[in-house]
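Participant: My questions are about this predicted structure, shown below with the sequence.
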Amino acid sequence: MQSGKSRLLAVEFTIVIICLFYSLGIAADRVVVIPLNTISKSNFNCQDDDTANNIYRTCNYFPLENGNRWEFTTGSRLSLNSEQSCSTGLTGIRYGTNGYEYEPIMQNKELGLAAGCQYEMPQNDFSDFGVNMVFINPEMTIGQTTTHPYFEGNWTFITTLVGLEQVVVPSGTYDALKYEIVTNDVADPLDPCSFKTTIWLAKGIGPVKIHRTEANPADCSGCLFVCRPDNNYTIVNTPAELIRADVGGVQY
């Protein structure tokens, strides 16, 4: 994940942290602190969706078990066979890549889909965020929007669960949850930057399509999940569609 323009912050998740913002936003209207021991020591159990109450649990839609692989039209992803801890206490799987720029250490447990540190490829440089960045809450209802501010509000993720949508990609047709993540970077008030990442997640499979749109200004260089080492934004802005996947030993 990369921040806007010539920003120091980058997430795909290259971030050089100037100040450490100690709290993590969990709901749209508040920011709460997550004790580190609840991140690293609790026994997480992914429950099924509660569709009767319109509750969809993110852990069902972004499986990060070791060995899972996804090949897209613009690059590929794989869950590497090792866990790693970031300075915040977040322990997650290295979300590896062939073709993209960053390999974040991500988990899909108590915090939802979140990352606390990452590697920049191909040089394999390590960056620790000093904060857990939440992209999608642990559970959301259709139509719900959450806001997660970081670094004293200079960086914000605004995530909306738009709904269920049928998506046609090279690997097939999927019923998927559609999320829109708007990233705002106002670290430089005279040169703000924002963009939207739409991601479609199929239950038990993970991302089947990712599309970066609405960069403002047009040369805003921020991106999530699909950043490239060559900064070729023609490709970054091209929808990444699933060609094939191997998840939990099942091929798609």
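Facilitator: Nice, I can see it.

Participant: and whichever strand or helix holds Y95, what does it pack onto?
Facilitator: Element membership for Y95, per DSSP states H and E: strand 91-98. Here strand 91-98 touches strand 75-85, strand 102-109, strand 112-120, going by 3 or more CB pairs under 8 Å, 6 or more residues apart in numbering; DSSP states H and E. Placement of C-beta: from N, CA and C, glycine included.

Participant: Mean neighbour count, distance to K196 and mean pLDDT added to the ones you listed, as CSV?
Facilitator: Converted to CSV, the helices and strands packed on strand 91-98 look like this (neighbours: other CB atoms under 10 Å; distance: least, CB to CB, whole Å; pLDDT from 0 to 100):
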stretch, mean neighbour count, distance to K196, mean pLDDT
strand 75-85, 16, 19, 89
strand 102-109, 25, 19, 94
strand 112-120, 25, 17, 95
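
Participant: need these in a markdown table with distance to C46, can you?
Facilitator: Shown next, in a markdown table, are the helices and strands packed on strand 91-98 (distance: least, CB to CB, whole Å):
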| stretch | distance to C46 |
| --- | --- |
| strand 75-85 | 15 |
| strand 102-109 | 8 |
| strand 112-120 | 11 |
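
Participant: partners of the stretch of helix or strand G130 belongs to in the sheet?
Facilitator: If you go by DSSP H and E, G130 is part of strand 125-136. Strands adjacent to strand 125-136 in the sheet, as given by DSSP bridges, are strand 112-120 (antiparallel).

Participant: Give me the buried stretch members for the strand holding G130, please.
Facilitator: S127, F129, G130, V131, N132, M133, V134, F135, I136 (16 or more other CB atoms under 10 Å).
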